[in-house]
Structure formats: C-alpha cells, structure tokens
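> Model the following, please.
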Amino acid sequence: MKVSDELLVSELWARDVRFMMGTVPDHPPMLSPVDLIVALAESKEARLQLSLIPVFLRHPEFSEYVKPASEKLKPSLQLLLKCFYSAAVWLEQKHLLTNNLPDLFSKELGIVSSENPKENLKTLAKQHQDLSGSKINWLGTYEHAAEIWLKEVELQKA
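Numbers count the residues shown, from 1 in each chain. Next up is the predicted model:
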C-alpha cells in the first residue's frame, strides 16, 4: 500500500509527533501503528523515514508493532527500521533518562549493548554503516532526529 507523504505527515501530527511541518488534522489517526511504521520506512523521503525515531520516542507502546512491521519490509528497509528503532532505544535513555523501549534488535544487529547509551549509539552507527554499505554519518542522523523532536516538545511545553 503506497501512502502519500501528505498523509504520513498528517498521521504524525495526529499522533502528536511534530517532526515535520504540518498541522493537526481534524480526524484521528487513520493508519494502524503497523501500517504507519511500514509506510514511514518505505517512504522515498528521508525525513519521513527518520521520523520513525521520534515516533518511537513519543509512543514507546509502538515497540510491540516493530517486529510485525519489519516482516512486511524488504531486507534493506528492515535494516533501516531495526537501526532506527535501536537508535530510539538508546536516545530515549540518553535524552529522556527513561527506559520504556525494550531492546529488540541489538543481538540481531551484532551489538553487545552496554549501560552507556552514548557508546551503544556509536556502535550502532558503525554497524549500520557496515551492514548497509553506506558511509552516512548515522550517529549524527540519529542525534539530529532526537534534537529536532526534543526542541518541538520543549516548544509545546512553553
């Protein structure tokens, strides 16, 4: 199922994830959590893919839908989803000082996690590069997603 970028942004806003420019829709979310996760992962828009991280930070209850969503994706997008989810796990520990997201994929990704979320993020970023064959600065990408979302959360509180 192909979901438009506009609908995805609307779905994010409907779930109080203000990561991209948009407005609060006049309707509740239309996609199931699994369909939302799949559609975000499959988006051709990198920022929509990256919004997976704030989705998991805002809705840790979505952790139960990650594995079913992953099974619907092709292998390269499974890797992206697993890495972005894992990044959210350690970004939550680092920035929110909470531990609501269970670690679902570190063993599968070949990561021996430690008590230090910063080190886990560095290890994840290196592993993401190695497994994807992409030399993207994944650590900076993960941190960017968290920072943008956290700034928006602070603005909402003000």
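> Show me where the chain dips below the pLDDT cut-off.
1 (pLDDT under 70).
> can you rerun that using 80?
The chain contains residues with pLDDT under 80 at 1, 158.
> In it, spot the helix with the most residues.
Counting by DSSP state H, the longest helix found in the chain is helix 138-157.
> Could you name the helices and strands sitting against that helix?
When contacts are defined as 3 or more C-beta pairs under 8 Å, 6 or more residues apart in numbering; DSSP states H and E, helix 138-157 packs onto helix 46-50, helix 52-58, helix 75-91, helix 117-132. Where C-beta positions appear, they are placed from N, C-alpha and C, glycine not excepted.
> so which of these comes closest to residue 148?
Evaluated with C-beta to C-beta, these place helix 52-58 nearest to residue 148, the distance being 7.5 Å.
> Run the chain-centre distance for that closest one.
5 Å (C-alpha atoms, centre = their mean, to the nearest Å).
> try stretch 86-97
11 Å.
> Now do the buried residues in it.
Neighbour counts using 16 or more other C-beta atoms under 10 Å place 86, 87, 88, 89, 90, 91, 92, 93, 94, 95 of stretch 86-97 among the buried residues.
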